[in-house]
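Engineer: Sequence first, then the predicted structure:
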Amino acid sequence: DGGITQSPKYLFRKEGQNVTLSCEQNLNHDAMYWYRQDPGQGLRLIYYSQIVNDFQKGDIAEGYSVSREKKESFPLTVTSAQKNPTAFYLCASSIVDSPGREQYFGPGTRLTVT
Amino acid sequence: AQKVTQAQTEISVVEKEDVTLDCVYETRDTTYYLFWYKQPPSGELVFLIRRNSFDEQNEISGRYSWNFQKSTSSFNFTITASQVVDSAVYFCALSEVGSSNTGKLIFGQGTTLQVKP
């Protein structure tokens, strides 16, 4: 089945540690996105990539980093510079050929930093 | 600037009631797309509908219907005869189609719908 996988579902880290969240898709989509969701808030865009080896900052990129070495994979690293990293992280993908394309989402990773 | 507002934070209804979720957007573009997503307790967002700015026809899909009115910049979502399985967080989102065509989505804050048996 085609889809997006994110692992792990739950992640716990100590403050000061970097942590990498995995996102893999087999939909053959060129574009991939990372969002952060906090309680009672909508999704906010962290980073996005429309093609391999290229990515752009979203609205809240500070304290995060990404790579896009393969079309299928778009890992997100939450660095120790991120002041409030505890949140629910969602990865998404889409085609790029047409405007207004919908994004398909993974199941998310809930990160807790203590 | 682009903005999506879902003024209803939480709505609680009893099964079989109709419920309308409001969505108001702001954009300076003439070409844009509007979306509704459902987020069940599992967390994954599920795409429900996309509407472009040139198509103001209302749409119905089973118990779901959407009312798009450019005059009031609204894209409201109605669930008829609600069911417990409709309980979820619902997000409205906006995508502008400019020269960059990044496909970026601007989300509203979400409305939590609770349908009680």
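Structural biologist: Yep, that arrived.
Engineer: can you list the residues of chain B near chain A?
Structural biologist: B:4, B:6, B:9, B:31-33, B:35, B:37, B:42-47, B:50, B:52, B:91, B:95, B:97, B:101-105, B:107-110 (C-beta under 8 Å from any C-beta of the partner chain). The way it works is simple: take the backbone N, C-alpha and C, and place the C-beta from them, glycine included.
Engineer: Pull out the buried members of those.
Structural biologist: Among the residues of chain B next to chain A, the ones that count as buried by 16 or more other C-beta atoms under 10 Å in any protein chain shown are B:4, B:6, B:32-33, B:35, B:37, B:43-45, B:50, B:91, B:95, B:97, B:101-105, B:107-110.
Engineer: For the residue nearest to residue A:66 when sequence neighbours are not counted, give its distance to chain B.
Structural biologist: Leaving out its chain neighbours, the residue that sits closest to residue A:66 by C-beta to C-beta, 6 or more residues apart in numbering or on different chains is residue A:47, at 4.5 Å. Separation of residue A:47 from chain B (C-beta to the nearest C-beta, to the nearest Å): 11 Å.
Engineer: bridging residues for residue A:47?
Structural biologist: residue A:34, residue A:57 (DSSP bridges).
Engineer: pLDDT value on it, please?
Structural biologist: Residue A:47 carries a pLDDT value of 97.
Engineer: Can you pull out the low-pLDDT segments for the chain?
Structural biologist: In the absence of a named chain, this looks at chain A. Counting by pLDDT under 70, the ranges of chain A that qualify are A:1.
Engineer: actually it's chain B I care about, not the one you picked
Structural biologist: B:98-101.
Engineer: What parts of chain A come near chain B?
Structural biologist: So chain A meets chain B at A:31, A:33, A:35, A:40-45, A:48, A:50, A:56, A:58, A:88, A:90, A:92, A:94, A:96, A:99-108, A:110 (C-beta under 8 Å from any C-beta).
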